[in-house]
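A.B. asks: turn this into a structure:
(one chain, ligands or ions: 1)
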Amino acid sequence: MSNQGYDEELRAERAYIEKLYARLDRERAQAGARYRAALGETGIALVERDADVRIRARETVRLNVADNGLCFGRLDALSGERGYVGRIGLFDDEDDYEPLLLDWRAPAARPFYTATAATPENMRRRRQFHTMGRRVIDFTDEVLGRPGDDERGDAALLAAVNAPRGEGMRDIVATIQAEQDEIIRLGHAGVLVVEGGPGTGKTAVALHRVAYLLYTQRERMSRSGVLVVGPSPLFLEHIGRVLPSLGESDVVFLTPGGLVPGLRVTAEDTPEVAQLKGSLKILDVLAAAVADRQKVPEEPVPVELADVTVALDAGIAGEARLEARRSGLPHNEARPVFREHVMTIIAERAVAMIGEGWLTPEDRGAWADLRADVLEELAEHEELAAALDGLWPELTPETLLAPLYMSPRRLEAAGADPALFRVDGAAWTVSDVPLLDELAGLLGRDDSAERATARRRAAEDAEYAAGVMDVMKLDREEMDEDIMLAAENLIYAEDLAGRFAERDTRDLADRAAADRDWTYGHVVVDEAQELSEMDWRVLMRRCPSRSFTIVGDLAQRRSAAGARSWGSVLAPYVADRWVYRELTVNYRTPAEIMLVAGALLARFAPDARRPESVRACGVRPWSRRVADGELQDAIAEFVRDEAGREGTSAVIGPADVPGAIPPSAAKGLEFDAVLVVAPERILAEGPRGAAELYVALTRATQRLGVLHREPLPPELSGLAEAGVPVRAGHRRFL
Ligand SMILES: Nc1ncnc2c1ncn2[C@@H]1O[C@H](COP(=O)(O)OP(=O)(O)OP(=O)(O)O)[C@@H](O)[C@H]1O
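C.D. replies: Below is the predicted model:
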């Protein structure tokens, strides 16, 4: 294209995109008006008003976030048709609702990501806009359909991956690559596993897949919501803003420690204990621990009645226990079975004792009357109730598990490893979460409080509904007789009350996160290699439809309880009905850094595939040996140096290095510059030290430095030795 031709095109594109913004502004003004109107709505139920306000607020957010980079590309078909692709879809309100802008998730937008020179998919050209705020700076074109010329217009991609990182992850809608697009739009309804090395866009792809599913399966997904599980609160914060910018909000973000609502994780297990708790073998321990709380009395307990005293002994309790266990009900729900059985046997004995000499079972009427009297007495018998509570107590997951951990006797009785012992049983760890969740199922609901609340609410609602019916009666004169009759006959106060049941005005995300029994329409698991067998049970319970996007990298596994193969963790739930995809290109770590990290990977996981970096940055990562006393100065120097540059930075090192975050906390994150401190100690820390160091080395998008006190581990010999400092406090590393 000649210069003049280009300028003319650019002017035309600017005009078109201005028109898009004008349309967006009109839509925003309308949405703003609708929002204000919803806020001021009167004369409708509060619940309805809240729902309306929520919808309007969401609409406004969606339009606001689309403002930045609204339109990022254009696709020209061989037929001459052209389509503009952007963050949301827009229609022309002045011209028959012609499409002005295609939502990136719409089927028609797909070739924008997948058409190549060799397989042009009936497309002629892909154009990518480079924008600043609302203004188009320039554009680049790719001509499709010329095999051999198969280089994508990577200018936009390279600009995106090279750009300094800001707060939180950004969306990649403008530059999704073909192998990523295939995963984002994959039609598979079940379990999808996406594996790839560091920086291959696993997280980005998983989140864009959620946005895609919310777009294509709006109704199903927005009814049940989507759960995204990530390794740490820091990570969730990092990725939390990507989805709203994709225009979605029915999503719950949780760490594995947050999967049981209301539970606070305050402690950490040793790798050995985490492994014990993470294995499915713990299921037997939990079942045995519950059984251990179903007792028979060591000494007979006298139950004094008005006329006789009957002993509640091991025989009676044992028989009742057998019966209660046979019911197959969870522990708490089997309590009434146990209780009733004990009472029946005691009543029989009491009747036999009272009637001795004058009453035989053949005197059916008298026998039954006496039995009924005794049962009534037993039902009111406080000592018996207390004894039964002791033998078969009402338990919550917490009141079962904490005493178990604190008692070597209980641990032994449950067949548990003595290593599970701890002094403060209720100092919960992440590995306790799936155990508590499992126990919630084994114990059944302890819903006495809930039942009382439900009863109170039902009464309140019925009262309210009765009021409504009174109003209807007052209107009687104005109503058609038949309709009135029909209404009164068909609507009872309680039924009417049921219609007000939707009293919860919280957002779906808040409701779902607070409800252990919530089941999601789709679950995304990030850093999935870290999850234990027991964690998978919790997640599978949260999504009975088994609609999962699981992303991870077995080579980055840190947890001793984590996955060694995808097949083995998934088999119990979906056998081999799961789909596997691989991502192979690293968009984060430049080639120079990947070379060093790759050498380490080759040592500890020789079979793992090293992802290809999409770019080199021209800066070699460096290392420097420092004496003990110099370490803090050297770290401070790095921090000062980075403070003067654009972008983000982090110091990653063992937990006792001041100012450093441990590799585990850096999981899934990225920074423009990273300083890794004491790699020799990270390597030596635990069986997965090499994987931790690999994670630490692969967090940088531009610059990587390493400070070490001991000789550099041979795995890191690819680092450039940095110059000896000129003067303490005055050194440059690069
Ligand atoms: N198609 C793309 N266009 C632009 N940037 C991309 C693209 N794909 C990935 N990226 C960027 O690459 C970086 C790494 O992506 P992401 O964090 O999703 O990788 P990951 O595979 O989850 O990494 P890790 O396993 O190390 O956590 C992010 O900054 C992401 O925005």
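
A.B. asks: from memory Gly69 sits against Thr131, does it?
C.D. replies: Yes - Gly69 lies in contact with Thr131 (CB atoms under 8 Å); the separation is 5.6 Å. Every residue, glycine included, has its C-beta placed from N, CA and C.

A.B. asks: which regions of the stretch 601-734 of the chain sit below the pLDDT cut-off?
C.D. replies: 723-734 (pLDDT under 70).

A.B. asks: hmm, I typed the wrong one, I wanted the chain.
C.D. replies: Within the chain, the segments meeting pLDDT under 70 span 1, 145-153, 247-248, 446-506, 723-734.

A.B. asks: the ligand contacts on that one?
C.D. replies: Residues of the chain that fall close to the ligand, judged by CB under 6 Å from any ligand atom: 157, 160-161, 169-170, 172, 175-177, 180, 196, 198-204, 553, 587-588, 668, 670, 698.

A.B. asks: now do the same contact list for the closest residue to the ligand within the stretch 351-500 of the chain.
C.D. replies: Using CB to the nearest ligand atom, the closest approach of the stretch 351-500 of the chain to the ligand is made by Val430 at 18.8 Å. Contacts of Val430 were listed using CB atoms under 8 Å, 6 or more residues apart in numbering, and they are 255-257, 265, 268-269, 274.

A.B. asks: same thing with Asp672?
C.D. replies: 164-165, 642, 645-649, 700-703.

A.B. asks: that one looks like it's in a helix, true?
C.D. replies: No - with DSSP: H, G, I helix; E, B strand; the rest coil as the criterion, Asp672 is assigned strand and is not in a helix.

A.B. asks: from Gln529, how far off is it?
C.D. replies: Distance of Asp672 to Gln529, given as CB to CB, to the nearest Å: 26 Å.

A.B. asks: how about the helices in the stretch 251-400 of the chain?
C.D. replies: Using DSSP state H, counting those that start in this stretch, the helices of the stretch 251-400 of the chain run over residues 271-278, 282-292, 314-326, 331-354, 364-379, 382-391, 397-406.

A.B. asks: I'd like to know which elements the helix or strand harbouring Leu213 is packed against.
C.D. replies: Using DSSP states H and E, Leu213 falls within helix 202-216. Applying 3 or more CB pairs under 8 Å, 6 or more residues apart in numbering; DSSP states H and E, one finds that helix 202-216 makes contact with helix 178-184, strand 191-196, helix 218-224, strand 226-229, helix 242-246, strand 522-525, strand 548-552.

A.B. asks: hmm, try it at 6 Å
C.D. replies: helix 178-184, helix 242-246, strand 522-525, strand 548-552 (3 or more CB pairs under 6 Å, 6 or more residues apart in numbering; DSSP states H and E).

A.B. asks: is it possible to get CSV of the ones you listed that adds mean neighbour count?
C.D. replies: Shown next, in CSV, are the helices and strands packed on helix 202-216 (neighbours: other CB atoms under 10 Å):
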stretch, mean neighbour count
helix 178-184, 20
helix 242-246, 22
strand 522-525, 24
strand 548-552, 26
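
A.B. asks: as a markdown table, the ones you listed with distance to Glu394 would be great.
C.D. replies: Output for the helices and strands packed on helix 202-216, formatted as a markdown table (distance: least, CB to CB, whole Å):
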| stretch | distance to Glu394 |
| --- | --- |
| helix 178-184 | 48 |
| helix 242-246 | 41 |
| strand 522-525 | 32 |
| strand 548-552 | 35 |
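
A.B. asks: name the helix or strand for Asp535, please.
C.D. replies: helix 533-542.

A.B. asks: measure Cys71 to the ligand for me?
C.D. replies: Distance of Cys71 to the ligand, computed by CB to the nearest ligand atom, to the nearest Å: 17 Å.

A.B. asks: that residue and Arg87 touch, don't they?
C.D. replies: No - using CB atoms under 6 Å, Cys71 makes no contact with Arg87, being 8.0 Å away.

A.B. asks: since we're on Ala513, how many residues are nearby?
C.D. replies: Ala513 has 18 neighbours, counted by other CB atoms under 10 Å.

A.B. asks: is it in contact with Val252, as I believe?
C.D. replies: Yes - counting by CB under 6 Å, Ala513 touches Val252, with 4.9 Å between them.

A.B. asks: helix or strand right after the helix or strand containing Tyr16?
C.D. replies: Per DSSP H and E: Tyr16 is located in helix 3-39. Sequence-wise, the next helix or strand downstream of helix 3-39 (DSSP H and E) is helix 46-65.

A.B. asks: next one: that next one to chain centre, how far?
C.D. replies: Put simply, helix 46-65 sits 24 Å off its chain's centre (CA atoms, centre = their mean, to the nearest Å).

A.B. asks: packing partners for that helix?
C.D. replies: helix 3-39.

A.B. asks: the helix it packs on: which residues count as buried?
C.D. replies: By neighbour count on 16 or more other CB atoms under 10 Å, the buried set for helix 3-39 is 13-14, 16-17, 20, 23-24, 27-28, 31, 34-35, 38.

A.B. asks: please apply the same query to stretch 423-438.
C.D. replies: Neighbour-count burial for stretch 423-438 flags 425-426, 428-438 (criterion: 16+ other CB under 10 Å).

A.B. asks: so what's the residue count around Ile44?
C.D. replies: Ile44: 11 neighbours (other CB under 10 Å).

A.B. asks: re the thing from before, what is the helix holding Asp535 packed up against?
C.D. replies: Using 3+ CB pairs under 6 Å, 6+ apart: helix 533-542 touches helix 432-443.

A.B. asks: mind listing what's buried along stretch 625-641?
C.D. replies: Buried, per 16+ other CB under 10 Å, within stretch 625-641: 626, 630-631, 634-635, 637-638, 641.

A.B. asks: what's that stretch in contact with?
C.D. replies: Stretch 625-641 has contacts (CB atoms under 6 Å, 6 or more residues apart in numbering) with 651, 659, 675, 707-708.

A.B. asks: of those, which is the nearest to Pro408?
C.D. replies: Nearest to Pro408 out of the contacts of stretch 625-641 is Gly659 (CB to CB; 41.2 Å).

A.B. asks: show me what contacts that closest one?
C.D. replies: Applying CB under 6 Å, 6+ apart to Gly659 gives the contacts 635, 651.

A.B. asks: burial count for the closest residue to the residue of the stretch 351-500 of the chain closest to the ligand other than its chain neighbours?
C.D. replies: Take Val430 and drop its neighbours on the chain: the residue closest to it by CB to CB, 6 or more residues apart in numbering is Gly257, 4.3 Å away. For Gly257, the tally of surrounding residues (other CB under 10 Å) stands at 19.

A.B. asks: pretty sure Gly257 sits against Val265.
C.D. replies: Yes - using CB under 6 Å, Gly257 is in contact with Val265, at 4.0 Å.

A.B. asks: filter the residues of the chain next to the ligand to the buried ones?
C.D. replies: 157, 161, 169-170, 172, 175-177, 180, 196, 198-204, 553, 587-588, 668, 670, 698.
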